[in-house]
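A.B. asks: Task: produce atomic coordinates for the following.
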Amino acid sequence: MKQFDTLTLSTQGSALILTVDQPKSLNALAKEVVNDLESFLDWFETTGYEYRGLIITGAGEKSFVAGANIVQMNSMDEGTFTAYAKQMHAVTERLESLHVPVIAAVNGFALGGGCELALACDFIYASERASFGQPEVNLGLVPGFGGMVRLPRRVGNAMARELIFTGRRIKAEEALRIGLANRVVPAEQLLDAAVATIEEAAAVSPTAISIAKRAMVSMDGLDTHQGLGREVDAFLQAYHTADSVEGRAAFVEKRSPVFPGN
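C.D. replies: Below you'll find the model as predicted:
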């Protein structure tokens with residue numbers, strides 16, 4: 001399996017688990033981590049088709065990803081700072097467009113860039129000790145890795161503004177209440193819960209999941225009429241796949257489908 005300096009890969013069932021493995025810095029998004037995330041995506045997009053889902057988590061018991069590396073940022077000139085933000089934008093957009101479900105398993109702090117990394121995943125499972133926030137205003141900054149775009153889509157515009165304007169940190173149960181997290185589980189059950197969901201997804205058509213995921217990403221910001229047009233296109237695309245032929249035949253024949261994955 002591919003190896004990285006700042007990331008660790010492991011498998012559990014049908015899932016590939018990516019761990020940001022820099023616990024001494026609370027898994028902050030240093031430039032080296034962002035570079036490795038890009039390299040990981042290059043690898044996964046070309047060779048990761050054996051996995052039916054991706055889980056992203058952080059090493060240690062304290063932090064998922066604590067945020068950007070502020071020490072590094074403080075020494076960046078304008079060009080380097082801009083490139084750093086745009087590189088993370090590219091990482092998050094590529095995560096959104098992966099062909100498989102991506103779950104953020106938030107085991108601790110998900111602050112600033114860490115919250116933004118989690119927001120780029122399809123959904124978030126949180127441990128009971130997780131906490132979330134966009135605290136950039138405390139440093140005279142604003143979210144720069146997608147938080148101002150994705151947080152309103154997840155929790156609504158007014159709630160996103162409240163969290164961004166105050167820099168408030170919220171606990172897992174509040175994240176669940178406002179729709180930021182899908183589930184909250186005991187810390188020792190976090191990865192198992194995420195893997196179980198990947199296994200559910202592994203039992204259905206991978207082609208249908210891929211089509212649905214990309215269609216839903218493309219619908220962000222569209223009005224209802226435009227979104228319905230995209231949905232029809234996706235529906236027709238799925239209808240003509242081998243997975244759909246098999247799925248419909250299996251239904252008629254009252255048997256379990258065996259999806260070819262195309």
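
A.B. asks: Now for G144: which residues touch it?
C.D. replies: In this structure, G144 makes contact with 68, 85, 88, 113, 136, judged by Cβ atoms under 8 Å, 6 or more residues apart in numbering. Heads up, the C-betas are built off the backbone N, CA and C, glycines and all.

A.B. asks: ok, now F4?
C.D. replies: So F4 contacts 36, 39-40 (Cβ under 8 Å, 6+ apart).

A.B. asks: Show the backbone phi and psi for it.
C.D. replies: The phi/psi pair for F4 (degrees, to the nearest 10) reads phi -140, psi 160.

A.B. asks: Any figure for the gap between it and S39?
C.D. replies: Distance of F4 to S39, given as Cβ to Cβ, to the nearest Å: 7 Å.

A.B. asks: Pull the most distant pair out of the contacts of G144.
C.D. replies: M88 and E136 (13.3 Å; Cβ to Cβ).

A.B. asks: what about M159, is that helix, strand or coil?
C.D. replies: The assignment at M159 comes out as helix when based on DSSP: H, G, I helix; E, B strand; the rest coil.

A.B. asks: Next one: it from T207, what distance?
C.D. replies: As judged by Cβ to Cβ, M159 and T207 stand 35 Å apart.

A.B. asks: Could you check which of the two is surrounded by more residues?
C.D. replies: Comparing M159 with T207 by other Cβ atoms under 10 Å, the one with more neighbours is T207, at 20 against 16.

A.B. asks: Point out the least confident member of the contacts of G144, please.
C.D. replies: Ranked by pLDDT, those bottom out at A68, which scores 88.

A.B. asks: My read is that that one contacts C115, right?
C.D. replies: No: contact criterion Cβ atoms under 8 Å: A68 and C115 do not qualify, at 11.0 Å.

A.B. asks: The two: who's more crowded?
C.D. replies: Per other Cβ under 10 Å, whichever of A68 and C115 has more neighbours is C115, with 33 against 28.

A.B. asks: Report all helices and strands that whichever strand or helix holds V34 contacts.
C.D. replies: Secondary structure from DSSP states H and E places V34 in helix 31-47. Helices and strands touching helix 31-47, by 3 or more Cβ pairs under 8 Å, 6 or more residues apart in numbering; DSSP states H and E, are strand 7-12, strand 15-20, helix 78-97.

A.B. asks: Just the angle for the longest one relative to helix 31-47, thanks.
C.D. replies: Put plainly, it is helix 78-97. 30 degrees (axes from the mean of the first three to the mean of the last three Cα atoms, to 10 degrees).
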